[in-house]
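Novice: this is the structure alone, sequence omitted:
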């Protein structure tokens, strides 16, 4: 025994001596690890291959590690491609790690958690932060435009901070909201508003966003149940990371300008026309007047746009911080329109113990918008020149003057012998105060505790706090002096408050068994309450303009109103995700929502979904197909709901204030029944099936995603007309239904990946929308405007009009039934019954596109980078309603240039009508135009500066936006809709605020 022990000790001493001898021969290697842009990376793992020896890089990316001269170092870090580098007797090894695109794409935010991309069974699209902010966008939706298949985004107005509408896989409601649900770090918000409103999304700084996921099919969005019928947009903001504190500055400045102006009659041509209409000699020598005043040049301007952001990011293993502040200022291309935003973001994560962590996300903004009225809904009437700035600019006589000698606005009623009182100086609209101040704070507080390995509980408390102040003042100074009276000058001040509170309790269980089975369970209880109130006062009759709307007590007439509402939503959700060998996946989701807005018989709704995926690439019969990197088939079916179709209390019998009555010479306000109870009022429900395929080829250099979907929405909330004998005019109920079906295609390709890098991407969406029922079969068709209809069997918003048939020529017989005249528009008698009536109206246009698309390319060489991005829409029609107003030469207002060639007995043209006092064009397809377009949205050229001491990275760039639009459309902009986010009145242009093109330069610096 002693002999054996002696031998063992001797051998141990020999091993220690040999180890010491080897250690004495080790080298100490130092170096620095950076990314592709030269920015240092802290926390990189540096190990000696096949040993336990290793270290990590410090805050400036440096490391020091001892190893044998012939050892191999392994450098690895999440999100980067690992590298193995032989030491080869070197004492210094610097490494540049390349971004691992596959690793970054592997995790996808799916709502209440994440999944590996290979595990997703639903239709989910992701957009990176740098793509969102490639353009100088005011809100996140603008950055998504044409980036995601299946998502149609319309910039309804080019006004700073202006309205934008988003449709995921078509329009899903008639009277309700068709906007998707937005979830910002767990906080649920909505988008909406009218043509002259600021988009709610503009209160969120796009530069704070890390990534966006769009949940398109029912299996992906059903986890949000009653608010998910229109899809879900998940927004994740930038969070802190452990390592050295990084300070970044991102700043740009640019200039915007109008892309075009519309040709109108000059002063000489206008004077000749007015003489002809009124058969007088108000302008004795029209030709001497020349061009006159160009009113569009007066209201349009070159407008600056700028954004400046400071960001701080850092932390350690226990606490991570991300902090930013941003200033954004955009002047509009129409004078006196502007949008400013001051915003900040604080994201904080802290690990109290290895099993318990807490965190917060706070986004705050203060937004100031100054707007002008544009996009009048007064169609085909002289009032268009008195209700919108662009209508006034087109119709303003070029023979009149904008300013008096003292520089004040010169009302038209005081010019030209007072005969131009029916038109308005366009500068009047720019003098009216229309300011909206919005203070908004989004707060998320959470705590997460790991109960057992794989089992955790997360409590989240969210708040959306908003305060809005609307200021309005129409000054006395813009009124014709002869018209000023005791009621002149009008003002209002309105204050609105909104508080949205949401609590979510989330239980998650995630385990993998025998490296074969994966199981994840998520259970959620949520309770949400929303409170809103409004107080406003309006007044008329001011002594002067000195105080504007800041002293409403000076007005002779005042009116006060107030309102308050509350709604609550309670929810229960369960989701199970199962995977087998990373080959087969099955997801089951069920959610129950209860809303205070619905009838007593239908407070709760049930929203289930099922989806599955099969990764064929894991099958033996595809193992030898080397060009194929991945192949996955997906299928899903589910039901989602829409609680945004109505406002609170519509299921109840309600009363409201209306007209008044006189009692003993005292005027009293009357209160009368305003709504009939409907205890069966319930959710709008969308049932959607989806079939998709994901393909990756050539070592993931080419990827293709294709989806086909069919969605039917039933129980649509619709206002049904009641017989007058009921005592009510209408009732809100679940009557209508419609469907959307379509095809989506998206592709990405890395063409070059050497010294020159080149990638391209593109997407295309074709959606078909059809109304299936309006009110249970009673009504087959209903007009929503003079030319837009809801018709069973047709898409929403199609145009139904008479058919334009040229100009009535001398000797033509005038068909009875409409106001025809020689030299006026001729209407086609479609049924040949010798009269013009409703039977001669037909479908003449469809505002829904055949398909929409987007494409982008990115090039890189050494320190230079270049990108280009375009978008387009094909097959949609636009009702250019401005033709009805400005190709009707009725006198005292200007017309489009084409009226130079108007009909006369000696010029019997077949398009433009003759001069005729008080004339009006019939509602025909004459204003219907092809709204297809291809737009070059952005070109950017950047250069990353060589290494500068103390600066990790510095990049400068120049960018051009909306530089070119290829279209046959004659209006300002083919991307337009006067009725903003309406579901039924779409594709209508009545001189909406146009989008601008811009040129800007910027700098991005990280210290």
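Specialist: Structure's in. What do you need? These numbers come from a predicted model, not from an experiment. Numbering: from 1, shown residues only.
Novice: how about residue 188, phi and psi?
Specialist: When read as degrees, to the nearest 10, the backbone of residue 188 gives phi -90, psi 130.
Novice: show me what contacts it?
Specialist: Residues near residue 188 by Cβ atoms under 8 Å, 6 or more residues apart in numbering: 181-182, 224, 227, 462, 464, 500, 502, 528. Heads up, the C-betas are built off the backbone N, CA and C, glycines and all.
Novice: please apply the same query to residue 785.
Specialist: Going by Cβ under 8 Å, 6+ apart, residue 785 touches 379, 985, 988.
Novice: out of these, flag the one nearest to residue 869.
Specialist: Using Cβ to Cβ, residue 988 is the member of the contacts of residue 785 that sits closest to residue 869, with 27.5 Å.
Novice: my read is that the closest one contacts residue 884, right?
Specialist: No: the pair residue 988 and residue 884 fails to qualify as a contact (Cβ atoms under 8 Å) at a distance of 11.2 Å.
Novice: which residues do the two both contact?
Specialist: residue 379.
Novice: other residues contacting stretch 976-984?
Specialist: 154, 156-157, 163, 165, 171, 173-179, 191-195, 197, 375-377, 784, 788, 790, 796-797, 878, 881, 985-990, 992, 994.
Novice: mind checking the end-to-end distance for that stretch?
Specialist: From its first residue to its last, stretch 976-984 covers 14 Å (Cα to Cα, to the nearest Å).
Novice: tell me how far it lies from the chain's centre.
Specialist: The chain centre lies 14 Å from the centre of stretch 976-984; the measure is Cα atoms, centre = their mean, to the nearest Å.
Novice: with stretch 700-711 instead?
Specialist: Distance, centroid of stretch 700-711 to centroid of chain: 22 Å (Cα atoms, centre = their mean).
Novice: residues of it that come out buried?
Specialist: Neighbour counts over stretch 700-711 (16 or more other Cβ atoms under 10 Å) mark 701-703, 705, 707, 709-711 as buried.
Novice: next one: stretch 514-529
Specialist: For stretch 514-529, a neighbour-count test (16+ other Cβ under 10 Å) marks 518, 520-524, 526, 528 as buried.
Novice: let's see which of those residues end up in helices.
Specialist: Judged by DSSP state H, the buried residues of stretch 514-529 include no members of helices.
Novice: can you put the contacts of residue 188 in a markdown table and add secondary structure, pLDDT and distance to residue 1001?
Specialist: Below are the contacts of residue 188 laid out as a markdown table (DSSP: H, G, I helix; E, B strand; the rest coil; pLDDT from 0 to 100; distance: Cβ to Cβ, whole Å):
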| residue | secondary structure | pLDDT | distance to residue 1001 |
| --- | --- | --- | --- |
| 181 | strand | 88 | 37 |
| 182 | strand | 89 | 31 |
| 224 | helix | 88 | 41 |
| 227 | helix | 82 | 41 |
| 462 | strand | 95 | 38 |
| 464 | strand | 94 | 36 |
| 500 | strand | 93 | 39 |
| 502 | strand | 95 | 41 |
| 528 | strand | 93 | 44 |
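Novice: so where's the stretch 901-1007 of the chain uncertain?
Specialist: Of all residues in the stretch 901-1007 of the chain, none has pLDDT under 70.
Novice: follow-up on the earlier one: between the contacts of residue 188, which is nearest residue 315?
Specialist: residue 462 (23.1 Å).
Novice: and the closest one, what does it touch?
Specialist: Residues near residue 462 by Cβ under 8 Å, 6+ apart: 186-188, 442-445, 500-504.
Novice: of those, grab the buried ones for ChimeraX.
Specialist: A single ChimeraX command is used to select the members of the contacts of residue 462 judged buried by 16+ other Cβ under 10 Å:
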select :186,187,188,442,443,444,445,500,501,502,504
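Novice: want to try TSV for the contacts of residue 462, with distance to residue 614 and secondary structure as columns?
Specialist: Below are these laid out as TSV (distance: Cβ to Cβ, whole Å; DSSP: H, G, I helix; E, B strand; the rest coil):
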residue	distance to residue 614	secondary structure
186	32	coil
187	36	strand
188	33	strand
442	39	strand
443	42	strand
444	36	strand
445	40	strand
500	40	strand
501	42	strand
502	36	strand
503	38	strand
504	32	strand
